[in-house]
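Novice: prediction below, plus the sequence it came from.
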Amino acid sequence: MEAVIAVFALLFVLFVGLGVYATVKAVGAAKRGVDRGITQARRTVEDHTLRAKSFAQPGAAGELAQLRLKLRTSMRATQDALNAAVAEDESLKESVGLFERLSAHGHELDDELKRLESEPNRAALTERLPELRERTERITHSADSLRWAAHDRARRFADDDLDSLGAQIDLESGALRHWTAPEPQPTSSQQPTSSRQPDSPPQPATQPWPEAPASDAATAGQTWSDAAQSGSAPEPDRPAITPPGPPPAYPWQKKPRPESTT
């Protein structure tokens, strides 16, 4: 039982601690938001006041207001540009460090210009205006250089990425438009012309030759002997599909005797 109570007590303390931490964080965030809003409102009021003084007050006082307005506008724009760009490009950290050093000189000049606004000796103020104008020009020129360099770097990266993306899209578009029709596959009843061999005519079956009778064999031997004596070989008999007819009768052959009927 005591272990259960200890566990519940520990959970209660843990929840209370988390609640206090969350409350402190929320109060701090709200306070920072309020301070940021107050600072932004104060800057807006000061900018409008300086703009009004630059048009309403003639002479050295009006020029001091113009210098402060120019300095504050340039430094604020450069600070916003670098803080926004360094989150995406870490190589700008050195530029942010340089701007912080430049910002110290800018705050010093702004405080000096603000004090000189209430200077009663207008002659001495007029003598210092060229030097103040030169310092303001140098600081704003450096701030503008950093700001425009950051803009150019971001635009260059965007152009390179856009070019690469365009090349990839063109390549993919060409691949999507490249298609070929499938070649028809030959069926079993249709063979390619190049691989088809011409059909050979059917060969007739070999038929046996009929044997010649004895009289024909004797006649053929006599013929070959005569041809040998004359020096020319007789042409062989052309084969016949049907059996030959009765052999021709020659004058030197003996006539067969008729059979006796007695």
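Specialist: Thanks, I have it.
Novice: low-confidence bits of this structure, can you list those?
Specialist: For the chain, the stretches with pLDDT under 70 are 1, 34-36, 39-40, 43, 47, 56, 179-262.
Novice: domain assignment for it?
Specialist: What automatic domain parsing lists as the domains of the chain is 1-56, 58-172.
Novice: save the ones you listed as TSV, and put in mean neighbour count and distance to residue 178 too.
Specialist: (C-beta placed from N, C-alpha, C; glycine too.) Shown next, in TSV, are the domains of the chain (neighbours: other Cβ atoms under 10 Å; distance: least, Cβ to Cβ, whole Å):
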stretch	mean neighbour count	distance to residue 178
domain 1-56	11	57
domain 58-172	15	11
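Novice: helix, strand, or coil at residue 96?
Specialist: helix (DSSP: H, G, I helix; E, B strand; the rest coil).
Novice: can you classify residue 80 as helix, strand or coil?
Specialist: Put simply, residue 80 is helix when judged by three-state DSSP.
Novice: before we move on, what about residue 88?
Specialist: Using three-state DSSP, the structure places residue 88 in coil.
Novice: cool, residue 120 as well?
Specialist: Quick answer, by three-state DSSP: residue 120 is coil.
Novice: phi and psi next, for it.
Specialist: Backbone torsions for residue 120, taken as degrees, to the nearest 10, come to phi -80, psi -20.
Novice: that one and residue 61: what is the separation?
Specialist: Per Cβ to Cβ, to the nearest Å, residue 120 is found 11 Å from residue 61.
Novice: likewise residue 110?
Specialist: Separation of residue 110 from residue 61 (Cβ to Cβ) stands at 16 Å.
Novice: repeat for residue 175
Specialist: Distance of residue 175 to residue 61, given as Cβ to Cβ: 70 Å.
Novice: look up how far residue 123 lies from residue 54.
Specialist: Counting by Cβ to Cβ - residue 54 and residue 123 are separated by 21 Å.
Novice: how about residue 89: what's its closest non-neighbour residue?
Specialist: Closest residue to residue 89 apart from its sequence neighbours, by Cβ to Cβ, 6 or more residues apart in numbering: residue 153 at 6.9 Å.
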